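J.: sequence and predicted structure below; questions after.
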Amino acid sequence: VLLFSCAEVLPPSGGEKDVNPPKLKKSNPLNETIFFDQKTIELQFDEFITFKSSSENIFISPSLEKKPTFRHLGKKLFITFQEDLKLNTTYTISLDNAIQDYNESNILENFNYVFSTGAYIDSLEIKGNILDVFTNISVEKVYVFLYEENADSVLYKKPLYLAKTDKSGNYTFKNLKAGNYKIAALEDKNLNLIYDQNSERIAFNTSVIYLDENKIFETLY
């Protein structure tokens with residue numbers, strides 16, 4: 001009796017705190033599918049999720065005229081296209097810190113879903129960084145755009161491919177097809193992917209990028 005009366009009663013701890021972001025458990029179709037011909041992608045994670053559908057968190061390359069719809073339910077995220085996709089094209093859906101677990105808000109960083117409507121996945125890359133021309137300091141959260149070689153009015157129209165600089169001012173374009181491109185960067189304050197405010201800083205390279213191998217590095221100021 002004495003032993004039990006002196007014992008301190010504590011609630012169960014519930015185990016260690018979850019510090020891991022959600023993990024993709026399965027997808028339909030599979031990531032890096034070829035001959036993709038579906039309207040909806042289903043992503044299932046290993047735990048319940050929340051989803052941020054803002055333009056700042058979602059990137060699709062090549063660009064689409066109509067933004068897909070995103071719907072999450074429990075552990076699943078459904079992505080439905082609102083237009084026909086181009087033939088023989090590799091698409092990348094980048095969800096930049098858009099997915100979190102429900103309980104602890106652990107963020108899934110740099111999640112990409114890649115597929116091709118053709119027979120193979122394009123694999124070329126362009127990497128680089130963005131520097132402030134006056135201070136030579138790297139600039140984060142800047143959008144970097146790729147356009148086709150014959151595109152006119154660069155920065156005044158939506159790009160073919162887009163990326164975003166990280167905390168070190170670095171950017172990466174992945175799963176590109178061989179070709180010739182124009183490149184530019186924009187501090188896009190209203191997130192419409194075009195230059196339409198004088199307060200938005202810009203950078204561009206007047207030379208054309210000839211992409212036929214996997215090692216191209218472009219610094220923009």
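T.: Sure, I can see it.
J.: element containing the spatially most central residue of the chain?
T.: For the chain, the residue nearest the mean C-alpha position is Ser94 (2.5 Å; CA atoms, centre = their mean). Using DSSP states H and E, Ser94 sits within strand 90-95.
J.: and the helix or strand just after that strand, which strands flank it?
T.: Once strand 90-95 ends, the next helix or strand along the chain (criterion: DSSP H and E) is strand 99-101. In the sheet, strand 99-101 lines up against strand 49-51 (antiparallel), strand 107-108 (antiparallel) (DSSP bridges).
J.: nearest to Leu87, out of the ones you listed?
T.: Distance to Leu87, taken as CB to CB, is lowest for strand 49-51 among the strands paired with strand 99-101, at 29.7 Å. Where C-beta positions appear, they are placed from N, C-alpha and C, glycine not excepted.
J.: would you mark the buried spots in that closest one?
T.: Ile49 (16 or more other CB atoms under 10 Å).
J.: kindly report the same for stretch 103-112.
T.: Within stretch 103-112, the residues scored as buried using 16+ other CB under 10 Å are Asn106, Ile107, Leu108, Phe111.
J.: and stretch 136-148, average pLDDT?
T.: For stretch 136-148, mean pLDDT rounds to 94.
J.: end-to-end on it?
T.: End-to-end distance of stretch 136-148 (CA to CA, to the nearest Å): 28 Å.
J.: which residues does it contact?
T.: Contact with stretch 136-148 is made by 126, 128-132, 154-155, 157, 159-171, 173, 176, 179-188, 193, 201, 203, 209, 220, as judged by CB atoms under 8 Å, 6 or more residues apart in numbering.
J.: same check, this time on stretch 34-50
T.: With CB under 8 Å, 6+ apart as the criterion, stretch 34-50 contacts 18, 22-29, 72, 74-81, 85, 91, 93, 99-103, 105, 113, 115-121.
J.: alpha carbons of that stretch, as CSV, please.
T.: Extracted in CSV, the C-alpha atoms of stretch 34-50 (Å, rounded to 0.1, in the frame of the first residue of the first chain):
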residue,chain,number,x,y,z
ILE,A,34,6.3,7.2,-70.0
PHE,A,35,3.5,7.2,-72.5
PHE,A,36,1.4,9.1,-69.9
ASP,A,37,-2.2,9.5,-71.0
GLN,A,38,-4.1,10.1,-67.8
LYS,A,39,-6.2,13.1,-66.7
THR,A,40,-5.7,12.6,-63.0
ILE,A,41,-2.6,11.7,-60.9
GLU,A,42,-3.1,10.1,-57.5
LEU,A,43,-0.4,10.4,-54.9
GLN,A,44,-0.7,8.5,-51.6
PHE,A,45,1.6,9.3,-48.6
ASP,A,46,2.4,7.4,-45.5
GLU,A,47,0.5,9.7,-43.2
PHE,A,48,-2.3,12.3,-43.3
ILE,A,49,-1.3,15.5,-45.0
THR,A,50,-2.2,19.2,-45.5
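J.: that one: how far from the chain's middle?
T.: From the chain centre to the centre of stretch 34-50 is a distance of 15 Å (CA atoms, centre = their mean, to the nearest Å).
J.: again, but for stretch 143-162
T.: 17 Å.
J.: and it, what's buried?
T.: Across stretch 143-162, burial judged by 16+ other CB under 10 Å covers Tyr143, Val144, Phe145, Leu146, Tyr147, Val154, Leu155, Pro159, Leu160, Tyr161, Leu162.
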